[in-house]
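Novice: Return a 3D structure for these sequence lines:
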Amino acid sequence: MPYVAPDQIKHAKQMDLLTYLQHYEPQELVHFSGNVYTTRTHDSLKISNGKWCWWSRGIGGRSALDYLIKVRGMTLPEAVMRIDGQAVVVPPVPSKARETAEPRKLLLPEKNKSNDRVVAYLRGRGIHSTLIDYCIRTGRLYESRDYHNAVFVGLDLQGVPRYGMLRGTWGKRFAGDVNGSDKRFSFSVPARVKSTKLHLFESAIDLLSYGTLELLSGRDWRRENCLSLAGIYKPKKNIGESTPPAALTQYLKDYPQITEIALHLDNDAPGRLAAETIKALLPSTCTITDEPPQRGKDYNDCLKMSLGIRRPQEIERF
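Specialist: Residues are numbered from 1 along each chain as shown. Model (predicted):
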């Protein structure tokens, strides 16, 4: 079970239920009358004047945290991560009728007026300002307004946001997908000109770390395509039953010119298993090379070792 710090719990308690539903689950909010609201799932649950009460069950509360625990049945850590991370930890399973009538909508958090905290956070992890500026300018990165999270955005071929990954920049580190994210369109950076090679990473941070190493070596960091898998790829026990990562499958569909793939996955057991599985699953028409970081567990470790930046023990991978 994930650990949440006391300051995260305190922070999560500050959000009332109406605000939570308006911003992160608007499809669940129903206006009843005046300043009274109810939910689509429980019409006897009323929200008014900063409080909520589920009349048919005789329970109530003030915060969104109370609601997620008492009504949705989440554990405290799950509820805190849902609110504090603005991320889906255990998404509800919609009915088939709702899936047809209401396709999932990407609910990216509002942008902050500046990106100062996110820039400082990424610079602290060794990412070069050139890469940070590019990502901000192209809509691939920004700082959220309410919690100052780093928001890594995945775009489709038309430049429409389809995926969002949140990374905390203060206190206890956390990560999670934005509500409505489509993992087929995870964070990526295309080549400056048409390229037949794709570099594959577990996370956006690793991707940007590799790009920084390329830039510091005097090479064009955008000479080839780069894609994040938005987390660790976990194949099934029987490799024959596994399928390639959704993001990789979609990328090869969108960029059929790709004939070379370099795997830059972690130097741990899950990373090595993922690399071997992906190599086994990809078609023989692609040339696959396994290129884990030369030092450290991942490419951010490798970058920080190269720059002499000490890695705090509390920082977690994502």
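
Novice: okay but residue 128 is in contact with residue 214, surely?
Specialist: No - Residue 128 is beyond contact range of residue 214, at 9.7 Å (criterion: CB atoms under 8 Å). Quick note: C-beta positions are derived from backbone N, CA and C, even for glycine.

Novice: quick one, phi/psi of the residue nearest to residue 43 when sequence neighbours are not counted?
Specialist: Leaving out its chain neighbours, the residue that sits closest to residue 43 by CB to CB, 6 or more residues apart in numbering is residue 30, at 7.6 Å. Phi and psi for residue 30, reported as degrees, to the nearest 10, are phi -130, psi 130.

Novice: Can we start the residue count at 51 from this point?
Specialist: Shifting the count to begin at 51 puts that one at residue 80.

Novice: got the contact list for residue 80?
Specialist: For residue 80, the contact set (CB atoms under 8 Å, 6 or more residues apart in numbering) comprises 87-90, 93.

Novice: try residue 179
Specialist: Here residue 179 is in contact with 169, 173 (criterion: CB under 8 Å, 6+ apart).

Novice: Please tell me how far it sits from residue 187.
Specialist: Going from residue 179 to residue 187 by CB to CB, to the nearest Å gives 12 Å.

Novice: one step back: would you mind naming the residues that bridge with the residue nearest to residue 93?
Specialist: residue 88 (DSSP bridges).

Novice: And the pLDDT for it?
Specialist: The model reports residue 80 with a pLDDT of 85.

Novice: Tell me which helix or strand the residue nearest in space to the middle of the chain sits in.
Specialist: The centroid of the chain falls nearest to residue 215 when counting by CA atoms, centre = their mean (2.0 Å). Using DSSP states H and E, residue 215 sits within strand 211-217.

Novice: helices and strands around that strand, which ones?
Specialist: strand 200-205, strand 225-227, helix 254-266 (3 or more CB pairs under 8 Å, 6 or more residues apart in numbering; DSSP states H and E).

Novice: mind listing what it pairs with, with the direction of each?
Specialist: Note on strand 211-217: by DSSP bridges, its sheet partners are strand 200-205 (antiparallel), strand 225-227 (antiparallel).

Novice: Any chance you could list what contacts it?
Specialist: So strand 211-217 is contacted by 135-137, 156, 158-159, 171, 189, 194, 199-206, 223-228, 231-237, 254-255, 280, 368 (CB under 8 Å, 6+ apart).
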